[in-house]
Structure formats: C-alpha cells, structure tokens
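**Student:** Build the 3D model from these lines:
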Amino acid sequence: MKILDKLNILGQIYDIYETFSTRLSVACMRGCSACCTQNVTMTTLEGCRIVEHLISTGQLNLFQRLHRSAHQERFQPTVTTNELAALCMQGEDPPEEKNDWPRAACPFLSNNECLIYPERPFGCRCFFSRQKCEAIASAVVDPFLLTVNSLFVQFIEQIDAGGLLGNMTDVLLFLESEAQRKQYEVNVSLNHPVRLPVNRCIPGFLVPPEHHLRIQPILQRIKNIRLSQGSFGNQG
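**Tutor:** Below you'll find the predicted structure:
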C-alpha cells in the first residue's frame, strides 16, 4: 500500500475516533496537561504525519526539544499491541514491561498546551479521564473506552505493518533524517539505531466478551473506510 493511502486511512480513523469521543462524558479540557508526558508511543506512520506537519509549517526547530528529551529516561515498548494479541491467542505470557517510568513533560508541551495538537498521535487523542487527573494523580477511564482504544490501536498498527513502534521521541528522531523517511515511504526494510518493535497485522481483536456486541458498530465503521481500490476492511 502506498504511503499516501496509508496516511489517508489514518486520517479517516482519526475522524471516526473523534466522532466517537465527542459523545464521551469526560473532565478533560483545554489546558489540562497532567497526562502529557514523554511516555507516549506511536507508529512510524503517525510519526511521518507529524514530521510532514513540522516541515510544512516551518517548525523543524521543534526537533531540538526531542533531542533534549532523548537524554531522559522514558517508556520504550518491547512489543506491539498486535504482537501482544498474538501471544494472548497462543496462551503465552507477554514480556513484562517496566511501568514506573518518570512522568517528565512531553517535549511538545508549552504553557500547558500541545505545539502539534492538530497532528498529535492516537496515544494522545484517546486519553480521556472521567475526573481531573491533577486531583487524584491518575486518570479514571471507562473499561469500554479502553477496549475501543485498543481496537483503534490495533488497526493503526495494521496500516503500518512492517513499520516500527516506539516512544514518540525515538520514532520522530528516527524519521528526522530525510533518507530514513524516504526508505520508510517506499517500504524498504528499515535499519534503526535503537530497538523498535516491528508492527504487525491483526491476529485477533483484544475485545472482552462483554464488549463484543457493543463494539460492532465501531468496528464496522473502521472496516468501511474507503480507498480508491476498495474498502480498508478488504485490504490484506
């Protein structure tokens, strides 16, 4: 699949999720930034969209923030969501991920607002809380929302199958090089300096039984995403 088709699908997935999220009852509002940390993860496809935004808006200077962030300890995933799904389906235990990472502010956060908000990755778009995070030092998230978020993450990974997953800082610094971006855009095998797990196709959905019926309308909307050559749901 061509990079423009992948970006087109990603944009439509973002739109579907935005329509879904506008109906949520949440405490989040402009200026909330307690959850805006350097531990956000994303795919190379999302990173490509962000880098193109930085280029087109003349904000390449923001890479300086990423280089400073690269010296800080942060969450760096060792498995992708679809790899985790495959392990679950095989009855195998996933590798343990460290979960006590520092909560340093996101490198794109300035005066409690996001400098790349229109192009932020899905990991930021899907983070909602029923209560103010500052008041209780954590988010309160509806279990069904977690299921929906996992579904969208699985599809975004599938679009970028063969690409990479990683901490936002690592992915964007990898794509800072024009040569690396060109390699990625033409589906050439990627060589990368840090271990970033490779994205996979969906082996099965991480949907608990109690959410099967409720998730169907959302699942169908994603499968109905249209491309010039057919629907996304029919893509291999």
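
**Student:** low-scoring stretches of this structure, by residue?
**Tutor:** For the chain, the stretches flagged by pLDDT under 70 are 25-31, 33, 129-140, 188-194, 227-236.

**Student:** for the helix or strand residue 49 falls within, which positions count as buried?
**Tutor:** With elements delineated by DSSP states H and E, residue 49 resides in helix 44-56, which encompasses its position. Across helix 44-56, burial judged by 16 or more other Cβ atoms under 10 Å covers 44, 45, 46, 47, 48, 49, 50, 51, 54. Glycine gets a C-beta too; all of them are placed from N, C-alpha and C.

**Student:** tell me the contacts of the last one?
**Tutor:** Spelled out, it's residue 54. By Cβ atoms under 8 Å, 6 or more residues apart in numbering, the residues touching residue 54 are 60, 62, 63, 116.

**Student:** got the contact list for the helix or strand hosting residue 66?
**Tutor:** Using DSSP H and E, residue 66 falls within helix 63-69. Helix 63-69 is contacted by residues 38, 54, 104, 107, 108, 169, 172, 173, 176 when judged by Cβ under 8 Å, 6+ apart.

**Student:** Give the buried residues for the following helix or strand past it.
**Tutor:** Once the chain leaves helix 63-69, the next helix or strand it forms, by DSSP H and E, is helix 81-89. Under the neighbour-count criterion of 16+ other Cβ under 10 Å, helix 81-89 has 81, 82, 83, 84, 85, 86 buried.

**Student:** again, but for stretch 112-132
**Tutor:** Residues of stretch 112-132 classed as buried: 114, 116, 119-129 (neighbour count, 16+ other Cβ under 10 Å).

**Student:** Can you say which two of the residues you listed are spatially most distant?
**Tutor:** Within the buried residues of stretch 112-132, 119 and 129 form the most distant pair, 22.3 Å apart (Cβ to Cβ).

**Student:** List of residues touching stretch 8-20?
**Tutor:** Applying Cβ under 8 Å, 6+ apart, the external contacts of stretch 8-20 come out as 45-46, 49, 122, 125-126, 148, 152, 155-156, 159, 218, 221-222, 225-227, 232.

**Student:** likewise stretch 173-190?
**Tutor:** Here stretch 173-190 makes contact (Cβ under 8 Å, 6+ apart) with 3, 44, 47-48, 51, 63, 66-67, 70, 162-164, 166, 192-194, 196.

**Student:** So which residues of the protein form strands?
**Tutor:** Remark: strands assigned in the chain by DSSP state E are 41-43, 109-110, 113-114, 165-167, 226-227, 230-231.

**Student:** Of those strands, which is nearest residue 214?
**Tutor:** Nearest to residue 214, of the strands of the chain and by Cβ to Cβ, is strand 230-231 at 22.4 Å.

**Student:** for residue 49, what are its contacts?
**Tutor:** Neighbouring residues of residue 49 by Cβ under 8 Å, 6+ apart: 7, 10, 119.

**Student:** can we see that at 6 Å?
**Tutor:** Residues in contact with residue 49 (Cβ atoms under 6 Å, 6 or more residues apart in numbering) are 7, 119.

**Student:** when you give positions from now on, start the count at 57
**Tutor:** In the new count, where the first residue is 57, that last one comes out as residue 105.

**Student:** And it, how far from residue 212?
**Tutor:** 11 Å (Cβ to Cβ, to the nearest Å).

**Student:** Also residue 253?
**Tutor:** According to Cβ to Cβ, residue 253 stands 14 Å off from residue 212.

**Student:** Can you show me the CA trace of the lengthiest helix in the chain as PDB?
**Tutor:** When the chain is scanned for its longest helix (criterion: DSSP state H), the result is helix 59-77. Below are the C-alpha coordinates for helix 59-77, written out as PDB (Å, rounded to 0.1, in the frame of the first residue of the first chain):
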ATOM      1  CA  ILE A  59       2.200   5.900   1.800                       C
ATOM      2  CA  LEU A  60      -0.500   8.400   0.700                       C
ATOM      3  CA  ASP A  61      -3.100   5.600   1.000                       C
ATOM      4  CA  LYS A  62      -1.800   4.800   4.500                       C
ATOM      5  CA  LEU A  63      -2.000   8.400   5.600                       C
ATOM      6  CA  ASN A  64      -5.500   8.700   4.100                       C
ATOM      7  CA  ILE A  65      -6.700   5.700   6.100                       C
ATOM      8  CA  LEU A  66      -5.000   7.100   9.300                       C
ATOM      9  CA  GLY A  67      -6.800  10.400   8.800                       C
ATOM     10  CA  GLN A  68     -10.200   8.600   8.400                       C
ATOM     11  CA  ILE A  69      -9.500   6.500  11.500                       C
ATOM     12  CA  TYR A  70      -8.800   9.700  13.500                       C
ATOM     13  CA  ASP A  71     -12.000  11.200  12.200                       C
ATOM     14  CA  ILE A  72     -14.000   8.100  13.300                       C
ATOM     15  CA  TYR A  73     -12.500   8.200  16.700                       C
ATOM     16  CA  GLU A  74     -13.200  12.000  17.000                       C
ATOM     17  CA  THR A  75     -16.800  11.400  16.200                       C
ATOM     18  CA  PHE A  76     -16.900   8.600  18.900                       C
ATOM     19  CA  SER A  77     -15.100  10.700  21.500                       C
END
